[in-house]
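**Student:** need a 3D model of the sequence below.
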Amino acid sequence: MEKRIEKLRKKMKQEMLDGLVVTDKVNRRYLVEFTGSNGLLFITNQESILLVDGRYTEQAENQTSNVRIITTAPEKTVYEYLAEWIKKGQRIGFEKKSISYEESMEFIQMCTSVDCQSVETSNFIEQLRMVKEESEITNLRIAAELADRTFSYILTILKPGMTELDVANEIDYYSKRIGSEGPAFETIVASGKRTALPHAHVSKKIINENELIMIDFGCIYKGYYSDMTRTFSLGKVSEKIKNVYTVLLEAQKLAIGSIALGNPLASLDQLVRDVLNKNDLADYFTHGLGHGVGLSCHEYPSVNQVSKETIEALLLFTIEPGVYFPEKFGIRIEDDVLIHEDGQVEVLTKTSKEWMEVAWM
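**Tutor:** This next block holds a predicted model:
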């Protein structure tokens, strides 16, 4: 953890920050390993200070090292505690995306009272998190493997007459049984026309014979996430569906094969749109191509048309093109991909993505 803190302090120095208030719980975990749902981390050029209430003191002491832990009292706000470490004229950053309006006002008032400058930051720590360490990659591989194993199991029990909710419950239960800490997000199981909903909530709709199914889910291992989507048929479906799937798979494979160090992430999104445009499908691709994966399932950087980042070594993100025809059907194919230091691409999601027509007993 100290290496992460030192990288952060180096970045703070570049941005001329004397301190950084960390309110995002995932960023707190990344920096000091504290997993409590409440607390405030204050990083200065010399010290790391974690303020928690009495519910979390023992947990903080057990999980962290080289961190000063302060147990707060209810009659004093955390920002009143912070004022004790801040000097006149200092520049103190805060995470504008993870702080409430009320808290931000308290923070700004505190800065005014001690005559320091409050500085908004965005993706400040997330930019450090996007480059993965070897220990993180190990956990991410295992999370992806758990998802692969779960999907393989689901194919053995899937049959007409099950509801989407039945299948989602089986996914969540089985993945936890084999080692996942829980679902990465609300598991998506959509069938028939409901596959046209990119983020369909599971329903009690019965899955019928000769119907399209989309399953999007992930697993968590030691706090690290995986995310995969597969679309397939239970029995036979129309040739139109299979033809669209063929085009989408071609675009997804092309994007993965075009990953190269130094290229803009946005270029991958554009590449897929170009393929889909040639096949009159681009208008039905209604979201970005992917997102980072790590200590959260959807994290920085985004992979879309407006992405500012370039492809670096040790980035891990999804490639998930999808097309959705309202009231008809939708298809999405999603893999987690890792870029090695030599530029080689490792697809962590091992489940086949070739067109599947699943039979049942």
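**Student:** name the nearest residue to residue 220, sequence neighbours excluded.
**Tutor:** Take residue 220 and drop its neighbours on the chain: the residue closest to it by Cβ to Cβ, 6 or more residues apart in numbering is residue 181, 4.2 Å away. Where C-beta positions appear, they are placed from N, C-alpha and C, glycine not excepted.
**Student:** contact partners for residue 345?
**Tutor:** Neighbouring residues of residue 345 by Cβ atoms under 8 Å, 6 or more residues apart in numbering: 256-257, 259, 337-339.
**Student:** could you work out the most separated pair of the residues you listed?
**Tutor:** Farthest-apart pair in the contacts of residue 345 is 257 and 338; separation 14.7 Å (Cβ to Cβ).
**Student:** mind jotting down where the helices sit in the stretch 251-361 of the chain?
**Tutor:** Secondary structure of the stretch 251-361 of the chain (DSSP state H, counting those that start in this stretch): helices at 265-278.
**Student:** so what are the domain limits for this protein?
**Tutor:** Listed by automatic domain parsing, the domain ranges of the chain are 2-127, 134-358.
**Student:** and the shortest one, how far apart are its ends?
**Tutor:** Okay, so that is domain 2-127. Distance across domain 2-127, first residue to last, is 17 Å (Cα to Cα, to the nearest Å).
**Student:** swap in stretch 90-102?
**Tutor:** End-to-end for stretch 90-102, by Cα to Cα: 22 Å.
**Student:** begin at 691 from now on, thanks
**Tutor:** In the new numbering, first residue 691, that becomes stretch 780-792.
**Student:** what does that stretch rub up against?
**Tutor:** 702, 705-715, 717, 776, 794, 797, 801, 806-812, 814-815.
**Student:** re the thing from before, higher neighbour count, residue 947 and residue 1028?
**Tutor:** Taking other Cβ atoms under 10 Å, residue 947 and residue 1028 do not tie; residue 1028 has more neighbours (20 against 10).
**Student:** I figured residue 769 hits residue 794, correct?
**Tutor:** No: using Cβ atoms under 8 Å, residue 769 is not in contact with residue 794; the gap is 10.1 Å.
**Student:** quick one: which of the two has more around it?
**Tutor:** Higher neighbour count among residue 769 and residue 794: residue 769, with 20 against 16, using other Cβ under 10 Å.
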